[in-house]
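**Q** Predicted model follows, preceded by the sequence.
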Amino acid sequence: MTSSSGAELVRRTAAELADALTAGDVSSVELTEAHLDRIEAVDGAVHAYLHVDAEGALSAARAADDRRAAGTPASPLDGIPVAVKDVLATKGVPTTCGSRILEGWVPPYDATVVARLRQAGLPILGKTNMDEFAMGSSTEHSAYGPTRNPWDLDRIPGGSGGGSAAAVASFQAPVAIGTDTGGSIRQPGAVTGTVGVKPTYGGVSRYGLVALANSLDQAGPVTRTVLDAALLHELVGGHDPMDSTSIDRPLPSLVEAARRGADADLSGVTVGIVTELTGEGYQAGVLQRFEEAVQLLVKAGAEVVEVSCPTFVHALATYYLILPAEASSNLARFDAMRYGLRVLPDDVPAPSAEEVMRATRDRGFGDEVKRRIILGTYALSSGYFDAYYGQAQKVRTLIARDFTAAFERADVLISPTAPTTAFRLGEKLDDPLAMYLNDLATIPANLAGVPGISVPSGLADEDGLPTGVQVLAPATADDRVYRVGAALEALLAERWGGALLDRAPELEPDHRDKE
Amino acid sequence: MPEISREEVRHLADLARIDLSDAELDHLAPQLAVILDSVASIREVAADDVPPTSHALPLTNVFREDVVRPGLSAEEALSGAPVEPEQQRFSVPRILGEEA
């Protein structure tokens, strides 16, 4: 195929590509090759991928083409390439979690999400970059170097899932999988002009997802459209007996909700603006685009009310006690004995297992991971447990109660997704607290387990960079975030005369010599 | 502001089995103090009668049938070992003190 048609193919949505595959206009091998070519051309500049599995992807694409030819596609997205965040175990394909401690580790099993992607016939293009063990909001804490924002290569793509968001935003994958513990799908979505969904906690299996904080982690779709997110969510979601926290009932119909939302009729829907998630601390351009989005929802027939969730102001503090506590415990498994890095301490003859463990964890973990492990160890240590971790668990209850009360008044809640647009690489790297503030608006949903979507809301006037709006719904009502998200997307596309990403700068193909 | 001394950080790193250098301790201790200060407000928020939440989803006792199902082979389970396995076992450094 010619390079121009490849360049055109990678810009299409997954839903459009699925139609083209069904019609026989294009093959999965052509699609996969077009994306591999795009990766070759631009990922030198973006660095969205940590590992590209061309051979595995093409072999899956050939199998998909055979199924399509036989009239037995495995799923609506059979043959559509996908990228997977490097925190999900992929059998036979390296999985590093962005950490030196797992450099070169090849898992002997697939995460359930990955197994479902394979069963559904999606060729896996590769593994995407992330902050080490998903700790960060900029992807700068990756041990393998940062990912760059396709809108401005000097800026961060958000995090921790900056790789998945940047891959999708720079047309290096039509769709991707991310994970969201405090905003790691939604915040990168907002700052790259893409769509990201954090499903209800327990809605997508965590089996094979390397745990950061078990009670908060949730995998979900990273895409360019709300409909694509719904298509992907339906494939990977639903009950999994391998995850004891998995919800044992069917998902609501998400694709149907996204299609219905695209009609942009929200009459009968009450939308609540959360007082505590807007205003002070939010960039002017972010607020401006948010207020316009609210006006569009009114135009679509929604009733808009203001709701107060007073304990949300304590969500960040609650999160930065619960998350490090769980992380310090989870990351104890990296002990240099069974897999991953093993470092022998310098100048210690015949070191003990414990000395090897200490040396390995010092060398293998980066700054942010050490900070959080030590913070978690502190919060869990005797004498401090009740004052910190115990209190945080109680405030978590109050945050969940605030959501319950708010959802008695509104069907969905909305806020800006992130307080600012993408900042410059290095700007907040050595100021942990400033970095943590990026997740101000996204964290409450993780603490309460409710679903949330981020959809692009435009470009901030002051810097011309993407902004996002977040829609939250009660637990297990993921269909509502798709309906309202799709309505907003349709109304904004009508206003803009196309998708936001059409306005992203063209990336120069990388002409450097390939090794 | 909650005080956290360099020695306390060293002790916590010890509990967490991380061999921090002096330079790392100098860097981390003040950062941890700032973070702890920012989360300290949490201590006054909830009344005593508020129950703690450990999980977003109220699920208890998730059981499965106790039946044999395929698992990893020994070779697969050992495939990520940092050093060559011996006799189908992980090879580890000494676990006892030298005097033992």
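**A** Looks like it arrived, so ask away.

**Q** Give the next helix or strand downstream of the helix or strand hosting residue A:55.
**A** Using DSSP states H and E, residue A:55 maps to helix A:54-69. As assigned by DSSP H and E, the chain's next helix or strand after helix A:54-69 is strand A:82-85.

**Q** So what touches that next one?
**A** A:48-49, A:90, A:113-114, A:117, A:122-128, A:130, A:161, A:163-164, A:167-168, A:172-179, A:219, A:232 (CB atoms under 8 Å, 6 or more residues apart in numbering or on different chains). The C-beta positions use only the backbone N, C-alpha and C, and glycine is treated the same way.

**Q** With stretch B:44-58 instead?
**A** A:201-202, A:215-216, A:245, A:247, A:311, A:314, A:390-391, A:393-398, A:400, A:446-449, A:475.

**Q** Now which of the residues you listed would you call buried?
**A** Using 16 or more other CB atoms under 10 Å in any protein chain shown as the burial test, these include A:201-202, A:215-216, A:245, A:247, A:311, A:314, A:390-391, A:393-398, A:400, A:446-449, A:475 as buried.

**Q** Which members of the contacts of strand A:82-85 occur in strands, if any?
**A** The strands, defined by DSSP state E, take in A:49, A:124-128, A:175-179, A:219 from the contacts of strand A:82-85.

**Q** Low-confidence stretches in the chain?
**A** By default, I'm working from chain A. A:1-4, A:510-515 (pLDDT under 70).

**Q** my bad, chain B
**A** Ranges of chain B meeting pLDDT under 70: B:1-2, B:98-100.

**Q** ranges for the helices of it?
**A** B:6-15, B:22-39, B:74-77 (DSSP state H).

**Q** Against which helices or strands is the first one packed?
**A** Same thing as helix B:6-15. Helix B:6-15 sits against helix A:367-380, helix B:22-39, with contacts defined as 3 or more CB pairs under 8 Å, 6 or more residues apart in numbering or on different chains; DSSP states H and E.

**Q** same check, this time on the shortest one
**A** Contacts defined by 3+ CB pairs under 8 Å, 6+ apart place helix B:74-77 against no helix or strand at all.

**Q** What is the burial count for residue A:96?
**A** Using other CB atoms under 10 Å in any protein chain shown, residue A:96 has 25 other residues around it.

**Q** Quick check: phi and psi at the closest residue in space to it that isn't next to it in sequence.
**A** The shortest distance from residue A:96 to any non-neighbouring residue, by CB to CB, 6 or more residues apart in numbering or on different chains, is to residue A:102 (4.6 Å). Dihedral angles of residue A:102 (phi, psi; degrees, to the nearest 10) stand at phi -110, psi 20.

**Q** spatially speaking, which residue is in the middle of the chain?
**A** Picking chain A for this. Taking CA atoms, centre = their mean, the centroid of chain A lies closest to residue A:185, which sits 2.3 Å from it.

**Q** ah, I was thinking of chain B
**A** Judging by CA atoms, centre = their mean, chain B has its centre closest to residue B:16, at 6.5 Å.

**Q** what about the residue of chain B found nearest chain A, distance to residue A:399?
**A** Using CB to the nearest CB, the single residue of chain B nearest to chain A is residue B:56, 2.5 Å away. For residue B:56, the distance to residue A:399 equals 10 Å [CB to CB, to the nearest Å].

**Q** Perfect, I'm done here.
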